[in-house]
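*Asks:* Would you be able to build a 3D model of this:
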Amino acid sequence: MAEHILHPVILKKLARQWLNEDTSSFDFAGAAVGEHATTTEILCKSAGIIAGIPFANAVFKELNCNVEWFVSEGSFLEGSSKVASVSGKSRHVLLAERPVLNCLARCSGIATITNTQRKILDNKKWNGFLACTRKTTPGFRLPEKYAVLIGGACNHRFDLSQEIMLKDNHIKIAGSVKAAVERVRKLSGFVLKIEVECATLEEAREAAQAGCDIVMLDNCKPPELHEVAKQLKIEYPTILIEGSGGVNEDNIADYAGPHIDIISTSSTVQGYRTLDFSMNVCC
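*Replies:* Prediction:
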């Protein structure tokens, strides 16, 4: 169902942007192949979760190519898998090749590492939210955030307009947590949550007293993280607590605890390995 949150106009815009980037003027190699009908197959040589099919479809659609998928979005590939068959005019199929493979490789890599981290947390019987951050690739945020959803996690704010996060620099400039929260509360209305980045229990208390919705305990390492979270929940039981800072596949289990509602990490959109996709002409 995640595919249904993608706006068709935005998909078309991204597909055209990627195609224009890859062929800025003349397609000289296109003269070698012409426009006779060609069929190719997309292969995946890596094991992992496939993601990015809607973006690939948008690229193929722009070039009037037909594609048949043999796997579904979010399914696990064992490796050495034939995932799709593509047909169309020869040069059009080849124009689509690199943008499609790049997108599949990256989205699938993100979905795979996200799924791995989610399973680690599930094995600990932790039912909170695993969230990615805004540390995405410029121009590729939508596919990366989407791939996180396919992997089984959720998005933190998509951009600065979704949720209000007051980080240490905001607070330093505003003068205090209370001043920063009060200023943004006047403009945010009832829709947006306010989150405050805190490093200590004292800062977290100040944020809670100021009326924030979420306290992010940033770079607060276990077991201190859990001690602070426990005390904060005793004093402010309705507040959401997020653990963040240096979280990765190796240590994420340590951040899961009964008083932590959210674990956020940039490793899903920065520390992943791409899956190996290729496109071969059928003989």
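*Asks:* in stretch 2-22, what counts as buried?
*Replies:* L6, L11, L14, A15, W18, L19 (16 or more other C-beta atoms under 10 Å). For glycine as for every other residue, the C-beta is placed from the backbone atoms N, C-alpha and C.
*Asks:* pLDDT (mean, whole number) over it?
*Replies:* Mean pLDDT, computed over stretch 2-22, is 95.
*Asks:* Can you list the neighbours in contact with that stretch?
*Replies:* 53-55, 57-59, 61-63, 73-74, 95-96, 98-99, 102-103, 139, 142-143, 146, 149-150 (C-beta atoms under 8 Å, 6 or more residues apart in numbering).
*Asks:* which residue ranges form the strands in the stretch 151-283 of the chain?
*Replies:* 154-155, 164-166, 194-198, 214-218, 240-244, 262-265, 277-281 (DSSP state E, counting those that start in this stretch).
*Asks:* Distance to V177 and mean neighbour count for those - can I get that in TSV?
*Replies:* As requested, these are arranged in TSV below (distance: least, C-beta to C-beta, whole Å; neighbours: other C-beta atoms under 10 Å):
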stretch	distance to V177	mean neighbour count
strand 154-155	25	16
strand 164-166	7	21
strand 194-198	6	24
strand 214-218	10	24
strand 240-244	16	23
strand 262-265	19	23
strand 277-281	47	16
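*Asks:* Please enumerate the helices of the stretch 101-250 of the chain.
*Replies:* Here the stretch 101-250 of the chain has its helices, by DSSP state H, counting those that start in this stretch, at 141-151, 168-174, 177-188, 201-210, 224-235.
*Asks:* Who are the packing partners of the third one?
*Replies:* So that's helix 177-188. Counting contacts by 3 or more C-beta pairs under 8 Å, 6 or more residues apart in numbering; DSSP states H and E, helix 177-188 is packed against strand 164-166, helix 168-174, strand 194-198, helix 201-210.
*Asks:* how far off helix 201-210 does that helix point, in degrees?
*Replies:* Taking axes from the mean of the first three to the mean of the last three C-alpha atoms, to 10 degrees, one finds helix 177-188 and helix 201-210 inclined to each other by 40 degrees.
*Asks:* Give me the angle between helix 177-188 and strand 194-198.
*Replies:* Using the same axes, to 10 degrees: helix 177-188 against strand 194-198 is 160 degrees.
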